[in-house]
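Colleague: One predicted model, sequence on top.
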Amino acid sequence: HSSITCIYGPPCSSFIMGNFSEYFLGEVGEHEFAWQEQYGGVYRIKGLFGQDRLIISDPKALQHCYQNNDTIWPKPATRREWERLILGRGVSWAQGQDHKRHRKILSPAFGNIESRGMMPVFRKMADRMCQHWKDCTSHGSNGTSAVIDVADWISKAALDALGEAAFHYEFNCLENQDNKLAKTFSSLLVHTFAHSTKRRIFVQRAISFIPVSWLPIMERLPLTIMQRLREAAEEGDRVVRELVKKRVDAMDAGMPQSKRDLMDILVQANLSADPVSRLSDEELSAQLRTIMVAGHETTGSQLCWVLYELARRPEAQGKLRAEIFEMLQRVTDRGDKEYNMADLDTMKYTQAVLKEGLRLHPVIYVSFVAPTKDDVLPLSEPIRTTDGRLINEIPVRAGQYVHLSLAGYNRLQSVWGNDAHDFRPERWLSGYSSATKGTQFGVYSNLGNFASGDVSCLGWRFAVIEMQTMLIEIFRNFSVSMPETEDKVIRSTGGLMTPVLASSPQKKQLPLLVTSLR
Ligand code: HEM
């Protein structure tokens, strides 16, 4: 029995599928954005078998759920089981006090100073990727342009950057096209969870009805999805063993250790005798796998969306490139060979482009939660119920499935204005306060992309600096445009909102016409 039946929502024609065909088929937001415009920041849809689901993009309600994640609003048990299968029992899977312990151990590696210190690694990887693009464009029909699947290259560069910046390890995915690690992890989420057909949607969503205790049995069944996840876990564990061995050997050889270096922190935590700061072998392995998945496919796909927007806007590319060359000139004038983090901080238009790309295309577009006890959701704007009442808060029963819509929030007109669906970097230049109003949300520029509260992204600074550096390297060397094809790029509704082509929604790809500037 639901307490939210008085909340408005779209009509539903199928008892079995509910509104899930519209919600998950096609691309992220295809129906959701229209529903949001009609019903506002909170509305109700039907899930499988008539189950009520609440969709929330109201910032106050979102903030409430994220702030109370450890107590009332944890991830539902089935979602955690999936996270265990994909990432192991690491920080993303852990809950309550255990989660606090994981975050306390990891956090020092992701501070401001540590993340800024990684910029030279990002610059080097981006430069290496651009060398490969130059090879491709020089072999194009006119010697300067070629259609390149930028998603594949950026994903490899992101994995190489993560390897070196976080693990001091050369994965060499950019050079080795057959690298098993890159192949296993690069499209893991979109391949495994793409909602490309109604049948897949039904099967994946029906899993939440299966008792959690049955999932470990399903894990052993010869299903393709389970096989893929098992392979990823094995490959991840193999690499993790190698990384740890290399680090322990280096420590034994007297290499100095740091309290803020990720590998040092993890290996030290593994050796620790104190249960509060100790990580078991299993947790250590899960931690590294979590960071490998959370840290490269996200950043890679997120940057692709920024390129996608720029590929359709030569004028924005022009402004971006002007700012890049202006910055490079300043660096040359002062006699430096390379730009530094302080130079990145001066690039307001580049940052605005990045934020605007992030806003329109948050790669983690939704989070599913369910309260463990009855609760009341506060709203930043009152809504009208089906029985005519104007309410400022919604009572929600324990166990009620709620979708925290980060994609919806990033386009909420009450926060971003009437042009919320438009790509307009200038909104960030005209002053932060005029771009946003009401409840502040998220860890970066009031955007939903990195979530909020205790489970917010640990690597957001790392990701932002990496993406900005990649943008600089790409646009100082190339211009990009959409290739001439009828095939539409859409936002995959699979585990991660990667770019895919409408004709093959299970393959992450973004083919762009790349032209070398020199
Ligand atoms: C643009 C890139 C990225 C985006 C959009 C992103 C987004 C997110 C989001 C939304 C969450 C919360 C998920 C939840 O609801 O549980 C999260 C968690 C996490 N992210 Fe990121 N992330 C990005 C890059 C990174 C990077 C580069 C790293 C590490 C190098 C990283 C490490 C993590 C970790 C460890 C967690 C788990 C935190 C916890 O459960 O306490 N992420 N990320």
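Modeller: Everything's here; your move.
Colleague: What is the burial count for residue 271?
Modeller: The local packing of residue 271 (other C-beta atoms under 10 Å) involves 12 other residues. (Each C-beta comes from the backbone N, C-alpha and C, glycine too.)
Colleague: Kindly report the residues of the stretch 301-450 of the chain close to the ligand.
Modeller: By C-beta under 6 Å from any ligand atom, the part of the stretch 301-450 of the chain that sits against the ligand consists of 302, 363, 364, 367, 449, 450.
Colleague: Same list (those residues) but as CSV, adding neighbour count.
Modeller: Shown next, in CSV, are these (neighbours: other C-beta atoms under 10 Å):
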residue, neighbour count
302, 26
363, 26
364, 20
367, 21
449, 27
450, 22
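Colleague: Show me these that map onto helices.
Modeller: Counted as lying in helices by DSSP state H, out of these, are residue 302.
Colleague: And the furthest pair within the residues of the stretch 301-450 of the chain next to the ligand?
Modeller: 302 and 367 (16.2 Å; C-beta to C-beta).
Colleague: Would you map the strands across the protein?
Modeller: 42-46, 52-56, 145-149, 366-369, 375-384, 390-396, 402-405, 478-481, 489-491, 499-501, 504-508, 511-516 (DSSP state E).
Colleague: how much space between residue 507 and the ligand?
Modeller: 21 Å (C-beta to the nearest ligand atom, to the nearest Å).
Colleague: Sorry, wrong one. I was asking about residue 151.
Modeller: From residue 151 to the ligand the distance is 14 Å (C-beta to the nearest ligand atom).
Colleague: Am I right that that residue is in contact with residue 508?
Modeller: Yes - with contact defined as C-beta atoms under 8 Å, residue 151 reaches residue 508; the gap is 5.3 Å.
Colleague: Find the residues that touch each one of the two.
Modeller: Here residue 151 and residue 508 have 301, 498, 499 as joint contacts, going by C-beta atoms under 8 Å, 6 or more residues apart in numbering.
Colleague: show me the contacts for the first one.
Modeller: So the one you mean is residue 301. Counting by C-beta under 8 Å, 6+ apart, residue 301 touches 151, 155, 363, 496, 497, 498, 499, 508.
Colleague: at 7 Å instead, please
Modeller: By C-beta atoms under 7 Å, 6 or more residues apart in numbering, the contact set of residue 301 is 363, 496, 497, 498, 499.
Colleague: Quick check: nearest residue in space to the residue of the stretch 401-518 of the chain found nearest the ligand, chain neighbours excluded?
Modeller: Using C-beta to the nearest ligand atom, the single residue of the stretch 401-518 of the chain nearest to the ligand is residue 459, 2.1 Å away. Spatial nearest neighbour of residue 459, chain neighbours left out: residue 295 (5.3 Å); criterion: C-beta to C-beta, 6 or more residues apart in numbering.
Colleague: Also residue 344?
Modeller: Closest residue to residue 344 apart from its sequence neighbours, by C-beta to C-beta, 6+ apart: residue 468 at 5.6 Å.
Colleague: quick one: is stretch 171-182 near the ligand?
Modeller: No - Stretch 171-182 lies out of reach of the ligand by C-beta under 6 Å from any ligand atom, never closer than 13.9 Å.
Colleague: How far off centre is that stretch?
Modeller: Averaging C-alpha positions (C-alpha atoms, centre = their mean, to the nearest Å) puts stretch 171-182 22 Å from its chain's average.
Colleague: For the remainder of this discussion, apply numbering that starts at 12.
Modeller: Taking 12 as the first residue, the last one we looked at is stretch 182-193.
Colleague: any residues touching that stretch, and which ones?
Modeller: Stretch 182-193 is contacted from outside by 139, 140, 143, 167, 168, 170, 171, 174, 246, 250, using C-beta under 7 Å, 6+ apart.
Colleague: in the stretch 212-361 of the chain, which spans are helices?
Modeller: Using DSSP state H, counting those that start in this stretch, the helices of the stretch 212-361 of the chain run over residues 226-230, 235-263, 273-282, 292-322, 325-344, 352-356, 359-371.
Colleague: Nearest to residue 391 among these would be which one?
Modeller: Ranking these by proximity to residue 391 (C-beta to C-beta) places helix 359-371 first, at 18.0 Å.
Colleague: tell me the angle the closest one makes with helix 325-344.
Modeller: On the basis of axes from the mean of the first three to the mean of the last three C-alpha atoms, to 10 degrees, helix 359-371 is oriented at 140 degrees to helix 325-344.
Colleague: what's helix 359-371 packed up against?
Modeller: For helix 359-371, the contact count by 3 or more C-beta pairs under 7 Å, 6 or more residues apart in numbering; DSSP states H and E identifies helix 292-322, helix 325-344, helix 437-440, helix 471-488 as packing neighbours.
Colleague: Could you list the residues in contact with stretch 128-147?
Modeller: Stretch 128-147 is contacted from outside by 157, 159, 164, 168, 171-172, 175-176, 185, 349, 352, 473, 476-477, 480-481, 484-485, 488-489, 525, 527, using C-beta under 7 Å, 6+ apart.
Colleague: in that stretch, what's buried?
Modeller: Buried residues in stretch 128-147, counted by 16 or more other C-beta atoms under 10 Å: 129-130, 132-137, 139-141, 144-145, 147.
Colleague: I'd like to know which of these is nearest to residue 465.
Modeller: For the buried residues of stretch 128-147, the residue nearest residue 465 by C-beta to C-beta is residue 129; the value is 24.1 Å.
Colleague: And the pLDDT at that closest one?
Modeller: For residue 129, the pLDDT comes out at 93.
Colleague: got a list of what residue 201 touches?
Modeller: With contact set as C-beta under 7 Å, 6+ apart, residue 201 has these partners: 503, 505, 506, 507, 509, 511, 517, 519.
Colleague: Considering the strands of the chain, which stretch scores lowest in mean pLDDT?
Modeller: Mean pLDDT is lowest for strand 515-519 out of the strands of the chain, coming in at a mean of 86.
Colleague: what packs against that one?
Modeller: Packing partners of strand 515-519 (3+ C-beta pairs under 7 Å, 6+ apart): helix 199-204, strand 510-512.
Colleague: near the ligand, anything from the longest one?
Modeller: Yep, that's helix 199-204 we're talking about. No - for helix 199-204, no contact with the ligand is found by C-beta under 6 Å from any ligand atom; the gap never falls below 12.1 Å.
Colleague: Contact residues of the stretch 62-211 of the chain facing the ligand?
Modeller: 102, 103, 114, 177.
Colleague: Could you export those to a markdown table, including columns for neighbour count and distance to residue 74?
Modeller: Listed next are those as a markdown table, based on neighbours: other C-beta atoms under 10 Å; distance: C-beta to C-beta, whole Å:
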| residue | neighbour count | distance to residue 74 |
| --- | --- | --- |
| 102 | 24 | 21 |
| 103 | 23 | 20 |
| 114 | 16 | 19 |
| 177 | 25 | 29 |
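Colleague: Which one of the buried residues of stretch 128-147 is nearest to the ligand?
Modeller: Closest to the ligand out of the buried residues of stretch 128-147 is residue 129 (9.3 Å), distances taken as C-beta to the nearest ligand atom.
Colleague: Narrow the contacts of stretch 128-147 to just the buried residues.
Modeller: Buried by 16+ other C-beta under 10 Å: 157, 159, 164, 168, 171-172, 175-176, 185, 352, 473, 476-477, 480-481, 484-485, 488-489, 525, 527, out of the contacts of stretch 128-147.
Colleague: who touches the nearest residue to residue 357 once chain neighbours are set aside in this structure?
Modeller: Spatially, and ignoring its direct neighbours in sequence, residue 357 is nearest to residue 338 (6.6 Å; C-beta to C-beta, 6+ apart). For residue 338, the contacting residues are 350, 354, 357, 358, by C-beta under 7 Å, 6+ apart.
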